[in-house]
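>>> everything below, folded, please.
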Amino acid sequence: MLPATFKLCAGISYRHTRNMTGLRKNAMVAIHHELNKLAGPGTSNWISQVRQRSSLLGSRIEEEEAYSEEEMSYVKQGESALQKAISILSEQDGWTVETVAANGDKVLSKVLPEIGKVFKLEVVLEQHPDNLYEELVENMEQMGEWNPNVKEVKILQKIGQDTMITHEVSAETPGNVVGPRDFVSVRCAKRRGSTCFLAGMSTKHPNMPEQKGVVRGENGPTCIVMKPSAEDPNKTKFTWLLNIDLKGWIPKTIINKVLSQTQVDFANHLRHRMANNVSMEMAHAC
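Model prediction:
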């Protein structure tokens, strides 16, 4: 029976059977049944591990089956944005320094085929990655309170634990060199060990068509990566990949300057926000 069970499970890896109703769920049930027969009264470690992993896979399958076709489309867009962003960030060659702040914050850039110019902010923040993840993901809609470059962030839809669709409205730059823009984005938030990711790219959503009088920009792939600093695990190596098309008739020299400065400003605003959060926690503790 066991060989037949694994043939059934292998079948779900083939494209033409992957979406057959109930097939993957039946495979998980069969695995559990066979593992229980193998285990007997004294379950070995490897059987326990396989059973645990098959249980997690079964949960993921049930979660995916609960999504509509539209929801799965958003999930795949978010995961695609994350994969593309990680691929870009993994390439260390070809980056040009755009600006270096007095505190060491650095913005680099490079031009990629079919994507265009991407910017990369590299900073070290005096915060643990978990605290930053909570602020940027769980408290995302509060960003307009502490980042003057953002007017509003609103979550239009959540799909499972990892995916959300957001609407963001940016503020005009000083002197109104670049007017307000709005963006509709699909975002994918993931944790891998001690590293946190927040990736995204532009999408469309029926609840937020283009707004009259506001230019809709496009972004993606974008990604924020937060991981403990090698020197101090309570600090965070913070990397932000930015790829954005502001639309409109704006000279590229101005766009490049605006985007790199926006990244530097963001790091400073985030520092102030986190410092204020710590001060408030200490005040409440007194």
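
>>> where does pLDDT dip in the stretch 101-250 of the chain?
175-176 (pLDDT under 70).

>>> what's the single longest helix in the chain?
helix 252-285 (DSSP state H).

>>> on contacts alone, who are the packing partners of that one?
strand 96-100, strand 106-112, strand 116-125, helix 129-133, helix 143-146, strand 236-242 (3 or more Cβ pairs under 8 Å, 6 or more residues apart in numbering; DSSP states H and E). C-beta coordinates here come from the backbone N, C-alpha and C atoms, glycine included.

>>> buried set for it?
Residues 255-256, 258-264, 266-267, 269-271, 273-274, 277 are the ones in helix 252-285 that count as buried (16 or more other Cβ atoms under 10 Å).

>>> need the helices and strands packed on helix 252-285 in a markdown table (columns: mean neighbour count and distance to P221).
Below are these laid out as a markdown table (neighbours: other Cβ atoms under 10 Å; distance: least, Cβ to Cβ, whole Å):
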| stretch | mean neighbour count | distance to P221 |
| --- | --- | --- |
| strand 96-100 | 14 | 19 |
| strand 106-112 | 17 | 10 |
| strand 116-125 | 19 | 9 |
| helix 129-133 | 19 | 19 |
| helix 143-146 | 16 | 20 |
| strand 236-242 | 21 | 7 |
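
>>> let's have those in TSV, adding distance to K190.
Shown next, in TSV, are the helices and strands packed on helix 252-285 (distance: least, Cβ to Cβ, whole Å):
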stretch	distance to K190
strand 96-100	27
strand 106-112	22
strand 116-125	19
helix 129-133	10
helix 143-146	19
strand 236-242	15
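
>>> what's the closest of the ones you listed to E168?
helix 143-146 (8.3 Å; Cβ to Cβ).

>>> so which elements touch the closest one?
Short answer (3+ Cβ pairs under 8 Å, 6+ apart): helix 143-146 packs on strand 150-159, helix 252-285.

>>> how about 6 Å then?
When contacts are defined as 3 or more Cβ pairs under 6 Å, 6 or more residues apart in numbering; DSSP states H and E, helix 143-146 packs onto strand 150-159.

>>> contacts for the following helix or strand past the strand it packs on next, please.
The C-terminal neighbour of strand 150-159 among helices and strands, as given by DSSP states H and E, is strand 163-170. Strand 163-170 has contacts (Cβ atoms under 6 Å, 6 or more residues apart in numbering) with 74-75, 78, 151-158, 180-188, 205, 208.

>>> now list the buried members of those.
Judged by 16+ other Cβ under 10 Å, buried ones among these: 74-75, 78, 151, 153, 156-157, 180-188, 205, 208.

>>> inside helices: which ones of these?
Using DSSP H, the buried ones among the contacts of strand 163-170 in helices are Y74, V75, G78.

>>> so who does the closest residue in space to the first one that isn't next to it in sequence touch?
In space, Y74 comes closest to V186 once its chain neighbours are excluded; the distance is 5.1 Å by Cβ to Cβ, 6 or more residues apart in numbering. Residues near V186 by Cβ under 6 Å, 6+ apart: Y74, Q77, G78, I165, T203.
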